[in-house]
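Chemist: Fold the following, please.
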Amino acid sequence: MSAHINIGQDTSGQSIAIDLEELLATRLLVQGNSGSGKSHLLRRLLEECAGLVQQVVIDPEGDFVTLADHFGHVVIDGAAYSPREIEALAGRVRQHRASVVLALDELEVEQQIRCAALFLTALFDAPREHWYPALVVVDEAQMFAPAAAGEMTDDTRRLTLSAMTNLMCRGRKRGLAGIVATQRLAKLAKNVAAEASNFLMGRTFLDIDMQRAADLLGMDRRQAERIRDLQRGQFLGLGPAISRRPVAVNVGTVRSGGKNGAQVLLPLPDAPGDEMEALLTDRLTEAATDQNARRPAPPSRPAAELERALSAGPTLPAVNAAARDVEEVAIAASKPSKPAPQESPGMASADAHDGIANVVRELAASDDATFRPSASLFRDFAIRCRQRGVASAHIDINRFRRLFACQIGGLGRLEGKARTIAEQMIESVDDDVLAPYLAMIVAAALGEAMPGEDDLARLYGSSSPSRVRRLLDHLERSGLIVVREEFGGERTIVVPEAADLINASQAA
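Modeler: Next comes the predicted model:
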């Protein structure tokens, strides 16, 4: 089947068409500075071939979601799914030949890149029976195939370059026709740009970009000056699907609109200065408080998914330190290295240990105990021990802190070998991070959901989400846990050394 789609007119008013079948075989590169009309051109192309071929749009700014209102595209919100779900969705997109828009505007830049890379890789890896023809449009392609590393991690850069290279170099045999749009050719990886045989070049002003555009269009230096004079919505086209010689194209109109804000001048408000100041500052404190209250917390990971993650490998190393601290304190309580002179032999016995454990347990159960200073808790501990005749002279404030952390962290919920392993895991963990780490270990051992951000904050003695994030970063840098951030804001915590702990707990 041969199909030609009209994308606009040349300077003499003649229609300029793109051979869709040829485009599927030869790919397309669109270049132009911000405001040159790249998104408008892509929208025109997508609208004209809607219903003729499957379309997959990688949309980092959410500009193309309005295609769903007019042409029935399915909008996939990248922030709403986990990486595995994104890969599964891509497989179904190929299987059912659905036209989709992968909207990434709710994600951070590096998450956008990883999400798009996983999606493109899954499209590429689809089984042979699903190799149907499809246009794959990647807007802002310099993000996903950068010429330089930039600020993204090496792992992310390798992942995205591999996905984009496969799309442009090897995608044709799998039915995937890449259409990439970029603001600057100099920012786009050369091995990605070089695989396109069709070009639509919009205006650009930097010499390096003009020279690369002229080279691709077969122009000399003087002819390349035309690129600088192009107006918004004007492009120079060349390629087997467009024209064998460079041709100027004025892109036609579109039916669906983007989500961009107004780009025309509007009258400014005429409110006097004092009224405008009042509008800005009136009840500002209440507004800020209300905004913080309405800010949603990251969704917690389903328990079943956590169980699968636990069965696949060790989880939550943060529990290690707390358990070992508890054991250390218990041993010190039952066998004090320097007993006080006035203590009788029975006072350091199991009864004394049980008395200390009961006092610590009561303190841990009191309201807001984790938010009280350690010195205040230790004074309360000493007073209660004296009132009950419990020998506690061998427990200094450092040992008390570890006993308290082990109590609120839930070490007592573990038994037998599982407890012994947990105590070994927490042996070298600092006192101030012991309780949240131990809570994670206990959850991993018992197959429960990991403590949420609020629970970790309470155990850490803080109400600040940023402090909890710094806590997790510290534990991860220390090698105790591995934190996996997902696209929708979800977080999975894995303890690399928890496999033995889990097995021991299940055996018990």
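Chemist: alpha carbons only for contacts and neighbour counts from here, please
Modeler: Will do.
Chemist: For the longest strand seen in the chain, report the contacting residues that lie outside it.
Modeler: Longest strand in the chain, counting residues (DSSP state E): strand 243-251. By CA atoms under 8 Å, 6 or more residues apart in numbering, the residues outside strand 243-251 that reach it are 7-11, 16, 40-41, 44, 217, 233-239.
Chemist: Mind jotting down where the strands sit in the stretch 51-200 of the chain?
Modeler: 54-59, 74-77, 100-103, 134-138, 176-182, 198-201 (DSSP state E, counting those that start in this stretch).
Chemist: and the longest strand of the chain, how far from the chain's centre?
Modeler: Put simply, strand 243-251 sits 40 Å off its chain's centre (CA atoms, centre = their mean, to the nearest Å).
Chemist: Equivalent analysis for stretch 110-129, please.
Modeler: 15 Å.
Chemist: what comes up buried for it?
Modeler: Buried positions in stretch 110-129, judged by neighbour count with 16 or more other CA atoms under 10 Å: 110-126.
Chemist: Using CSV, write down the CA coordinates of it.
Modeler: Only the C-alpha atoms of stretch 110-129 are listed here, as CSV (Å, rounded to 0.1, in the frame of the first residue of the first chain):
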residue,chain,number,x,y,z
GLU,A,110,16.7,11.2,34.6
GLN,A,111,13.5,9.3,35.4
GLN,A,112,12.1,10.5,32.0
ILE,A,113,15.2,9.2,30.3
ARG,A,114,15.1,5.8,32.0
CYS,A,115,11.4,5.3,31.5
ALA,A,116,11.6,6.1,27.8
ALA,A,117,14.7,3.9,27.4
LEU,A,118,12.9,0.9,29.0
PHE,A,119,9.8,1.5,26.8
LEU,A,120,11.8,1.8,23.6
THR,A,121,13.8,-1.3,24.4
ALA,A,122,10.7,-3.3,25.1
LEU,A,123,9.2,-2.2,21.8
PHE,A,124,12.4,-3.3,20.1
ASP,A,125,12.5,-6.6,21.9
ALA,A,126,8.9,-7.6,21.0
PRO,A,127,8.5,-11.1,19.5
ARG,A,128,8.7,-11.5,15.8
GLU,A,129,5.0,-12.1,15.3
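Chemist: What average pLDDT does it get?
Modeler: For stretch 110-129, mean pLDDT rounds to 94.
Chemist: In the stretch 301-450 of the chain, mark out all the helices, start to finish.
Modeler: With DSSP state H, counting those that start in this stretch as the criterion, the stretch 301-450 of the chain has helices at 303-312, 319-334, 350-365, 374-388, 397-409, 416-425, 434-446.
Chemist: What angle do helix 416-425 and the last one make with each other?
Modeler: What it means is helix 434-446. 150 degrees (axes from the mean of the first three to the mean of the last three CA atoms, to 10 degrees).
Chemist: Counting by contacts, list what helix 434-446 packs against.
Modeler: Applying 3 or more CA pairs under 8 Å, 6 or more residues apart in numbering; DSSP states H and E, we find helix 434-446 packed against helix 319-334, helix 397-409, helix 453-460, helix 499-507.
Chemist: Any buried residues in whichever helix or strand comes after the shortest one, and which?
Modeler: Okay, so that is helix 453-460. Using DSSP states H and E, the helix or strand that follows helix 453-460 in sequence is helix 465-477. Buried residues in helix 465-477, defined by neighbour count with 16+ other CA under 10 Å: 468, 471-472, 475-476.
Chemist: Wait, L20 touches N198, no?
Modeler: No. Using CA atoms under 8 Å, L20 is not in contact with N198, being 11.7 Å away.
Chemist: hang on, the earlier thing: can you tell me which of the strands of the stretch 51-200 of the chain is nearest to A213?
Modeler: The closest of these to A213 is strand 198-201. By CA to CA, the value is 6.9 Å.
Chemist: picking up where we left off before, mind telling me which of the helices and strands packed on helix 434-446 the model trusts least?
Modeler: helix 319-334 (a mean of 40).
Chemist: give me the element the spatially closest residue to V251 that is not a sequence neighbour is part of.
Modeler: Closest residue to V251 apart from its sequence neighbours, by CA to CA, 6 or more residues apart in numbering: G8 at 4.3 Å. Here G8 sits within strand 4-9, counting by DSSP H and E.
Chemist: Run me through the strand neighbours of that strand, direction for each.
Modeler: strand 15-19 (antiparallel), strand 243-251 (antiparallel) (DSSP bridges).
Chemist: just how off-centre is the shortest one within its chain?
Modeler: Relative to its chain's centre, strand 15-19 lies at 40 Å (CA atoms, centre = their mean).
Chemist: follow-up on the earlier one: would you format the buried residues of helix 465-477 as TSV with distance to A25 and pLDDT included?
Modeler: Below are the buried residues of helix 465-477 laid out as TSV (distance: CA to CA, whole Å; pLDDT from 0 to 100):
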residue	distance to A25	pLDDT
V468	51	82
L471	52	85
L472	48	86
L475	50	86
E476	47	84
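Chemist: average pLDDT across stretch 238-248?
Modeler: 89.
Chemist: ok so, going back, turn the strands paired with strand 4-9 into a markdown table, including mean neighbour count.
Modeler: Output for those, formatted as a markdown table (neighbours: other CA atoms under 10 Å):
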| stretch | mean neighbour count |
| --- | --- |
| strand 15-19 | 18 |
| strand 243-251 | 19 |
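Chemist: tell me how far the ends of stretch 64-81 are from each other?
Modeler: Using CA to CA, to the nearest Å, the end-to-end distance of stretch 64-81 comes to 19 Å.
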